[in-house]
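Peer 1: Fold the following and give me the result.
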Amino acid sequence: MNDKLLTKFILSFLIEKEDYLSLSQEQQTIVYETCKTIMTAIYNAIKYDNVFPVIMCGDVEAFKVIKKSIDSVSEYLPSVDKIKIHLIH
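Peer 2: Numbers count the residues shown, from 1 in each chain. Sure thing, here's the model as predicted:
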């Protein structure tokens, strides 16, 4: 995966969102990294048949957001059903 292309894709999406722009720099970084993690997991799930990506979440809110994101594309990208999301403490 081309990291520069992925960064450009994510930022072009986020920069149009008022909610994202109203966040602090630290919060924006967290949102960007979360999007990057989700997109990388989706890419790996689609590209490789034998890869089952696992996303680890540190809190319940992150778990819910990531789960909702993955579920929203599962109708169009059935391979994302291989992605597992786990809550760690």
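Peer 1: Quick check: the gap between M1 and M39.
Peer 2: M1 is 8 Å from M39, where distance means C-beta to C-beta, to the nearest Å. Heads up, the C-betas are built off the backbone N, CA and C, glycines and all.
Peer 1: the more surrounded of the two?
Peer 2: Regarding M1 and M39, a neighbour count based on other C-beta atoms under 10 Å identifies M39 as having more, with 15 against 9.
Peer 1: Secondary structure element holding the more buried one?
Peer 2: With elements taken from DSSP states H and E, the one containing M39 is helix 25-47.
Peer 1: How far off centre is that helix?
Peer 2: 4 Å (C-alpha atoms, centre = their mean, to the nearest Å).
Peer 1: Show me what that helix is packed up against.
Peer 2: Packing partners of helix 25-47 (3 or more C-beta pairs under 8 Å, 6 or more residues apart in numbering; DSSP states H and E): helix 3-14, strand 54-57, helix 60-74.
Peer 1: how about it: buried residues?
Peer 2: Of the residues in helix 25-47, Q28, V31, T34, C35, T37, I38, A41, I42, N44, A45 count as buried by neighbour count, 16 or more other C-beta atoms under 10 Å.
Peer 1: Output the below-cut-off pLDDT ranges for this structure.
Peer 2: In the predicted model, the chain carries no residue with pLDDT under 70.
Peer 1: go again using 90 as the cut-off
Peer 2: Judged against pLDDT under 90, the low-scoring parts of the chain cover residues 1-3, 89.
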